[in-house]
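In: Mind looking at a prediction? Sequence and model below.
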Amino acid sequence: MSSAARVAAIQLIARKSPQAIEARSTNVPELFGANVFGLEQMHQRLPKSAYKSLQSCMERGEQLGSDLADLVANEMKQWALERGATHFTHWFQPMTGSTAEKHDSFVDIVNGQPVMAFSGSALIKGEPDASSFPSGGLRATFEARGYTAWDPTSPAFIRETKNGATLCIPTAFCSWTGEALDEKTPLLRSSEALNRTALRLLKVLGDDRVTHVYPTLGCEQEYFLIDRDLQILRPDLVATGRTLFGAKPPKGQELEDHYFGSIPRRILSYMQDVEQELWKLGVPVKTRHNEVAPSQFELAPIFERTSVASDHNMLTMEVLKQVAQRHGFSCTMHEKPYAGINGSGKHNNFSMATDTGENLLEPGKSPEENMRFIVMLAAVMRSVDEYADLLRASIAHAGNDHRLGANEAPPAILSIFLGDQLTGIIDDLISGTKGASRPGGTMQLGVTTMPDLPRDATDRNRTSPFAFTGNKFEFRAVGSSQSPSKPMTVLNTIMADSMDYIANEIEARMSKGLEAAVNEVIVAVFKKHNRIIFNGNGYSEEWHQEAEKRGLANVPNAVDALAALGLPKNIDLFSRWHVLSPAETESRMNIQFEAYAKAIAIEGQSALSIARTMILPAAQKTQRDVADSLSSAKMHGLTVDKQTARLRDMSLRLEDFITCLDELATTFERAESHVGSDSDHAKQYRDYVVPAMEKLREQADLLETMTDDAYWPLPKYRELLFLQ
């Protein structure tokens, strides 16, 4: 690897133009869901009674009988064959942060002849090898048996390539002994827990019409695009998804000209291709735009049922990466691929919907709906305050440590933004006063002891990790590379717990009448959990000081955050709501400690290799050239004082660099050989390897500014960020 390759890549990029893509339909309604075996295809192909039964299974999570499974499998197979599929796969989400699949062909041999077959049992259950997936101690490596089970709430879909197509069946993944080995199973369990308690609370409030409640989710996905010809010249980007070295460029995001700016033609061609692929897969993508950082972009869908939305977000990340290659890009979801400019998040917009078409987190048009809203708001406040540690743990991983708390993302302190008017109403309820008239229009709560409720009276707060945006809460602290299933599992579970608590408290006071009981309970909840509300600047130092006074935890790193999964109160929570057994909870904590250690280990090894074989030789060549130049100048009797000082400065920098290189090698070896628990191993990397990497980077970035550009082998920030 030399600077010649870097120069060649730059010259190649200069000649690139937007990628021409195959002609696609511009009729989005016709295109949407074309590769999805959804309700429309089922309605067309299945008998009416079978369709109704399957619809009930999909919407309510009811069990699928074997006869119905055979019927559905046959029609699904015929539909897939018509669309060119030769194989099927159970598509699942192991605890690796990505998806997994094992392909089987439809081909079977009957009487010596090939036939295309697909049974109900093959649809419902698969048996991939589970030995090599993370289990966190749930099973030994030699215990290989694992099962995938069809999730009928998420429709099957077809992935196409130029050489064929594959039917993908979203599934849960569990061990032979029944433990969940994936992210989907706990998500489905938590959704059921939320449904049960929401129905109970609604009945307590006098609503008997609703028979099913489900969580909804909309994932705003941020990502970076890098020209692939430059990306492959950066071993750190290839191995880790982020740059481990890189001096600050003359221009970054200071001019604030990229955000919502005109989308470059080559990027727009890529975005249009992505949207076409996602629409065919039934992903309701809505928004595309430039984000704050150069080369950073965002894609956002319309909200859906959480189990489907989580699958769709995993699909979205896959499509973004695969289509990027088609257009000569590399797409990275790392939370902080570049130092000194904004990183990427995944904003999870959470709410709850009913089978009667209502949003439980939307202020309503009737007194009863407004009473319901204020009760649900109390449940959210209690959830976030009581289980802030779990929410923080749900977004904890090595990548997000670079982003959380910086001047670009919510701090590692969990708080809720409600806006001044909703906060004022809560304050009025706590104080027992009606409060002054508030702008924005009001709605009567229908409870005489409560003040009026404003409509659409909240601004947005981009510094809040958990912000109310009018009819939903936006969990902004989720990392861009994460599966949304983990944080949504936690949200569903803590909401189930809080709604159950509030229902119990109201029932205990029903002798006073519904209005008085509701008022007494929500006032008590607001008083106890009011500390979690913060409407100011979450980036400010003043907030950190204020949060400490309020007793709110500030957990700046993933290792400390993940320890919350092992607390008895949190183990009990998951167990009580049948979301995770104690063993499953402990296994997830161990897996994430191990994942953290492995991520830092890969970064450490990459940093050592790049520093030794690329940065050091390039800097030494410059040092040699300067020394040769000095010798030649001295022979001719020229003044070389300034040049001598430059050589001395560079020599000192090289010495410091080599010292830091040796220090990283020593600390890395110590962390690698450490014997102890997964938690202890992760702490070794956090406490020693990460600081050593940062010190090495500081010296490397100084050397970059002193090394002859003709020798520097790594594409620089000015090229990575702006050459498209």
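Out: Looks like it arrived, so ask away.
In: can you pull out the strands in the stretch 201-350 of the chain?
Out: 213-227, 285-290, 296-301, 304-305, 329-332, 346-354 (DSSP state E, counting those that start in this stretch).
In: Columns mean pLDDT, mean neighbour count and distance to Leu638 on top of the ones you listed, output as a markdown table?
Out: Placement of C-beta: from N, CA and C, glycine included. Below are the strands of the stretch 201-350 of the chain laid out as a markdown table (pLDDT from 0 to 100; neighbours: other CB atoms under 10 Å; distance: least, CB to CB, whole Å):
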| stretch | mean pLDDT | mean neighbour count | distance to Leu638 |
| --- | --- | --- | --- |
| strand 213-227 | 96 | 24 | 43 |
| strand 285-290 | 94 | 15 | 51 |
| strand 296-301 | 96 | 22 | 48 |
| strand 304-305 | 96 | 20 | 73 |
| strand 329-332 | 96 | 23 | 48 |
| strand 346-354 | 96 | 23 | 59 |
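In: Those: which one's closest to Pro582?
Out: strand 213-227 (24.1 Å; CB to CB).
In: I'd guessed Phe173 sits against Leu181; true?
Out: Yes. Taking CB atoms under 8 Å as the definition, Phe173 is a contact partner of Leu181 at 5.0 Å.
In: re the thing from before, Glu101 is nearest to which of the strands of the stretch 201-350 of the chain?
Out: strand 329-332 (19.7 Å).
In: partners of the closest one, with directions?
Out: Strand pairing for strand 329-332, determined by DSSP bridges: strand 213-227 (antiparallel).
In: ok and the strand it pairs with relative to strand 346-354, angle-wise?
Out: 160 degrees (axes from the mean of the first three to the mean of the last three CA atoms, to 10 degrees).
In: could you give the angle of strand 213-227 to strand 285-290?
Out: Using the same axes, to 10 degrees: strand 213-227 against strand 285-290 is 30 degrees.
In: Using CSV, list the CA coordinates for strand 213-227.
Out: Provided in CSV are the C-alpha atoms of strand 213-227 (Å, rounded to 0.1, in the frame of the first residue of the first chain):
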residue,chain,number,x,y,z
VAL,A,213,-52.8,-3.1,21.8
TYR,A,214,-49.4,-3.2,20.1
PRO,A,215,-46.3,-1.1,20.2
THR,A,216,-45.4,0.9,17.1
LEU,A,217,-42.0,2.0,15.9
GLY,A,218,-40.5,4.3,13.2
CYS,A,219,-36.7,4.1,12.9
GLU,A,220,-34.8,7.1,11.5
GLN,A,221,-31.6,5.6,10.1
GLU,A,222,-28.5,7.7,9.7
TYR,A,223,-25.5,6.4,7.7
PHE,A,224,-22.2,7.5,6.0
LEU,A,225,-21.2,6.9,2.4
ILE,A,226,-17.6,6.6,1.4
ASP,A,227,-16.3,6.0,-2.1
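In: Which one of the strands of the stretch 201-350 of the chain lies nearest to Ile591?
Out: strand 346-354 (19.9 Å).
In: Give me the helices and strands touching that closest one, please.
Out: The contact analysis (3 or more CB pairs under 8 Å, 6 or more residues apart in numbering; DSSP states H and E) places strand 346-354 against helix 184-204, strand 213-227, strand 473-475, helix 485-508.
In: what's the closest of these to Ala309?
Out: strand 213-227 (3.9 Å).
In: burial measure for the nearest residue to Cys331 once chain neighbours are set aside, as a count.
Out: In this structure, Cys331 finds its nearest non-sequential neighbour in Ala324, 3.9 Å apart by CB to CB, 6 or more residues apart in numbering. Per other CB atoms under 10 Å, the neighbour tally for Ala324 reads 21.
In: Could you do Met589 as well?
Out: When counting by other CB under 10 Å, one arrives at 22 neighbours for Met589.
In: Next: Arg196.
Out: 16.
In: distance between stretch 567-580 and the chain's centre?
Out: Counting by CA atoms, centre = their mean, to the nearest Å, stretch 567-580 is centred 23 Å from the centre of its parent chain.
In: Could you give me the buried positions within it?
Out: By neighbour count on 16 or more other CB atoms under 10 Å, the buried set for stretch 567-580 is 570-571, 573-574, 577, 579-580.
In: Pull out the CA atoms of stretch 661-674 and give them to me as CSV.
Out: Output of stretch 661-674 as CSV, limited to C-alpha atoms (Å, rounded to 0.1, in the frame of the first residue of the first chain):
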residue,chain,number,x,y,z
LEU,A,661,3.1,2.3,19.8
ASP,A,662,5.0,0.2,22.3
GLU,A,663,2.6,1.2,25.1
LEU,A,664,-0.4,0.1,23.1
ALA,A,665,1.3,-3.2,22.2
THR,A,666,2.0,-3.9,25.9
THR,A,667,-1.5,-3.0,27.1
PHE,A,668,-3.1,-5.0,24.3
GLU,A,669,-1.1,-8.1,25.1
ARG,A,670,-2.0,-7.7,28.8
ALA,A,671,-5.7,-7.4,28.0
GLU,A,672,-5.6,-10.3,25.6
SER,A,673,-4.0,-12.6,28.2
HIS,A,674,-6.2,-11.4,31.1
